[in-house]
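J.: What follows is a predicted protein model with its sequence.
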Amino acid sequence: MPERSIAVFLCRESVRDAERALAALLDACEEAGGQSAVHLLINGNAALAAELGQRLEGLAEAAAARGARVRAWRQSQADKALAWNGYVHHVSEAAAVEHFVDGYACVHRDAIRLLEAALARAPAALAATGVPTVGPSARSLRAAMLREGGLHGNYHALRGEVLARMRAAGIRLPVGLYRVDGVVGALLCFALDPAREGWDSTRICVVGEASWALSRRPRWHPAELTVMLRRRLRQAQGRLENAAVHEHLAQALRPPALLPETVEQLVGDWAQAHPQACRSLLRRDPLCRLALARLSTARQVAPGGGAPRPQEIHT
């Protein structure tokens with residue numbers, strides 16, 4: 001069994017960006033020492049899956065030189081929550097520490113070592129997270145995380161025993177969820193059991209020295225305009241998700257395993273059960289009205305109960 005298993009989520013990245021992020025990750029694995037199992041989870045990008053498949057043998061050789069193994073997986077639907085479910089329930093190698101990295105994040109060489117050291121110093125903690133150091137909001141977000149806690153989606157790590165508990169309890173994220181890492185963070189702060197455990201943000205170690213660089217196009221690139229507009233709408237959807245998840249966990253104290261299978265069901269059930277709170281949010285945030293209308297017409301069905309097995313890519 002490897003010391004660590006690492007999930008790398010890839011969707012819109014180019015092959016160049018994916019290889020750059022993987023090279024940085026392998027450097028960090030070498031710095032941390034021990035054996036690492038790296039899993040490239042490509043969702044909704046058949047071209048990227050095909051190109052990485054052709055280069056997989058070379059990537060595996062580069063990984064082996066740093067004490068790591070690399071495997072690649074694909075799923076047809078572009079959805080991080082679905083990829084997260086597939087990794088947790090089918091791909092994870094049940095290592096002592098499970099790392100989660102976004103495919104455009106080039107983790108710093110000391111990042112893995114720093115997060116694992118933080119977990120070793122805090123036996124009661126369930127997870128550790130790095131903090132951002134690049135980007136227009138990085139400074140303020142980093143300060144907020146160090147002050148109030150949180151979990152950053154670009155790079156964080158969970159104890160392997162936490163994933164084992166998630167599997168045993170049948171915990172899956174709603175397919176289509178935008179705030180994937182925010183919901184995971186909430187589950188951790190409730191120790192996966194809101195009915196018995198109070199919220200405790202110290203269950204996640206925030207490691208101010210651990211960070212990453214980014215390998216995406218600069219924000220002003222013309223191709224980013226459409227992405228930015230979609231992101232604004234998804235962020236509004238995220239605010240609806242926050243309200244629904246807060247009601248499910250913090251108010252009703254329902255088990256995480258009872259989260260609906262899709263984000264449409266999650267938000268739709270909340271809006272129907274709490275019309276006054278929903279109307280209040282829509283009045284304050286017009287973009288949420290558009291996001292809710294979009295969710296109301298989508299009504300997607302979660303494939304395979306929300307955690308289908310990803311298909312492994314071979315050379």
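T.: Arrived safely, thanks for sending.

J.: any idea which element the residue of the chain positioned farthest from its centre lies in?
T.: Computed with CA atoms, centre = their mean, the residue of the chain farthest from its C-alpha average is Gln276, at 31.1 Å. Per DSSP states H and E, Gln276 falls inside helix 275-284.

J.: Other residues contacting that helix?
T.: 239-240, 243, 247, 270-271, 288-289, 292 (CB atoms under 8 Å, 6 or more residues apart in numbering). C-beta: built from backbone N, CA, C; applies to glycine.

J.: Show me which of those residues are buried.
T.: Those of these that meet the buried threshold are 239-240, 243, 247, 270-271, 288-289, 292, by 16 or more other CB atoms under 10 Å.

J.: Among the residues you listed, give me the pair with the biggest separation.
T.: Spanning the widest gap among those are Glu247 and Arg289, at 18.9 Å by CB to CB.

J.: For the worst-scoring helix or strand of the chain on mean pLDDT, name the packing helices and strands.
T.: In the chain, the helix or strand scored least confidently by mean pLDDT, DSSP states H and E is helix 224-246, which has a mean of 88. Helix 224-246 sits against helix 180-189, helix 263-273, helix 275-284, helix 286-298, with contacts defined as 3 or more CB pairs under 8 Å, 6 or more residues apart in numbering; DSSP states H and E.

J.: any idea which of those is most buried?
T.: Ranked by mean neighbour count, these are led by helix 180-189 with a mean of 22 (mean count of other CB atoms under 10 Å).

J.: circling back: and the contacts of helix 275-284 as TSV, adding distance to Gly135?
T.: Below are the contacts of helix 275-284 laid out as TSV (distance: CB to CB, whole Å):
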residue	distance to Gly135
Arg239	20
Leu240	24
Ala243	26
Glu247	31
Trp270	31
Ala271	32
Cys288	24
Arg289	28
Leu292	28
